[in-house]
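>>> how would this look folded up:
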Amino acid sequence: MDLSIILVTFNASPFIRECLCSLIEQAKGIDHEVIVVDNDSRDETCRIIEIEFPQIILIRNPVNLGFAAANNIALRKAKGEFVLMVNPDTRWKSGKLEKAIKFLRDRPKAGGLGARIIQQNGSWQKSFGNFPTLSREFIEAIYLQRFFHRSKILKGIFIYKEKRGTAVVEWVSCTFFLCKKDVLAEVDYLDERYFMYYEDIDLSKKIWKSGKEIYYYPEIEIVHFQISPKIYDNGGSPYLYFHKHFGLGFAKILRYVLMFKFLIRVVIFSTFAIFTRDEAFMEKRGLNKRSLKFHFFEAGKIFKIIQGFGNVVKQSPDKNCHC
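From the prediction side, this is the model:
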């Protein structure tokens, strides 16, 4: 079999029908299977799949295991030479899946690729970037990368200037990630200690360490119907990432960088909200306030968990998150 398409769902009924139809259409002519792992949805997601897509393999988890663990269930069952992990709140826009598979086949050093992702309003969504470091987190905190996006020194975690054409990058989002299954097996799949967020950055880092490269591949475009999370900045996952790759000391320093980051944003968006009364600024002020409180009050508990390192760093999943 050439390809296994994998989706993880959690209350994804508003999107799943259109997403699966667009994927199945793209996979015509490719020997493939589609595996959906549902993380205990309480809506119509599973019913829609069972009735309208009986050919799809549906795995129903009794609890929400998170994005990484649920993907791993499907990845270990996948029969395809290639695997495509894709979010259920997406729709294929353009590009040929067969061509992307050939791109990877023709490049032995290619470890995987991510697509060009656009939002519902047509704007480009940041979906690739540089591996996190303390300096890059600080650069993000004071918006330097946004203003000096051409700088080779002032690099943040995200890339704010879209690249033209296919390019080698450090990490890509698992909103859409195509790679050989053997590559994932070699790096032991996704790290299940991440409940949600940063698992894709961590995966890209492991693939790079294995001697492979990651590509941004804009010939494929998908639309992502993303809803803002209640925790604005990925909850406790950054602490796990820094503890894993740099040690506990760096993870503790990160706490102060993140508190500084969200304090700045609270001030900025509060000022804009007061003078403009714009609902978007008010929402961002609220999100950043919650994130500031999270890092001030909850980080200590997270450090106790990650010191054990065998435990999963979790945050309460957003009821609107489709992961």
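
>>> please enumerate the helices of the stretch 51-200 of the chain.
Taking DSSP state H, counting those that start in this stretch, the helices of the stretch 51-200 of the chain run over residues 67-77, 97-105, 134-141, 144-147, 181-186, 199-209.

>>> and of those, who's closest to residue 6?
helix 67-77 (4.3 Å; C-beta to C-beta). For the C-beta atoms, the positions are set from N, CA and C on the backbone; glycine is no exception.

>>> where in the stretch 201-323 of the chain is pLDDT low?
Where the stretch 201-323 of the chain drops to pLDDT under 70, the residues are 227-234, 309-323.

>>> please enumerate the helices of it.
237-246, 248-276, 279-297, 299-308.

>>> any idea which of these is most buried?
When those are scored by mean count of other C-beta atoms under 10 Å, the highest mean neighbour count falls to helix 237-246 (a mean of 23).

>>> so it versus helix 134-141, what angle?
With axes from the mean of the first three to the mean of the last three C-alpha atoms, to 10 degrees applied, the angle from helix 237-246 to helix 134-141 works out at 150 degrees.

>>> how many neighbours does the nearest residue to residue 260 once chain neighbours are set aside have?
Once flanking residues are discounted, residue 260 sits nearest to residue 141: 5.7 Å by C-beta to C-beta, 6 or more residues apart in numbering. The number of residues packed near residue 141 is 18, by other C-beta atoms under 10 Å.

>>> wait, which of the helices of the stretch 201-323 of the chain is closest to residue 113?
The minimum distance between residue 113 and those falls on helix 237-246, with 21.8 Å, by C-beta to C-beta.

>>> before we move on, back to that, isn't the residue nearest to residue 260 up against residue 264?
Yes - if you go by C-beta atoms under 8 Å, residue 141 and residue 264 touch, sitting 6.4 Å apart.

>>> if we can go back for a sec, with distance to residue 308 as added columns, please give the helices of the stretch 51-200 of the chain in TSV.
Below are these laid out as TSV (distance: least, C-beta to C-beta, whole Å):
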stretch	distance to residue 308
helix 67-77	17
helix 97-105	37
helix 134-141	23
helix 144-147	34
helix 181-186	26
helix 199-209	18
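
>>> lowest average confidence across those, which one?
Lowest mean pLDDT within the helices of the stretch 51-200 of the chain: helix 144-147, a mean of 80.

>>> what does that helix contact?
139, 151, 154, 155, 156, 158, 160 (C-beta atoms under 8 Å, 6 or more residues apart in numbering).

>>> any idea how far the third one lies from residue 140?
Taking C-beta to C-beta, to the nearest Å as the measure, residue 154 and residue 140 are separated by 10 Å.

>>> which one of the two is surrounded by more residues?
Set residue 154 next to residue 140 and count neighbours by other C-beta under 10 Å: residue 140 wins out with 22 against 15.

>>> show me the contacts for that one.
So residue 140 contacts 156, 157, 158, 261 (C-beta under 8 Å, 6+ apart).
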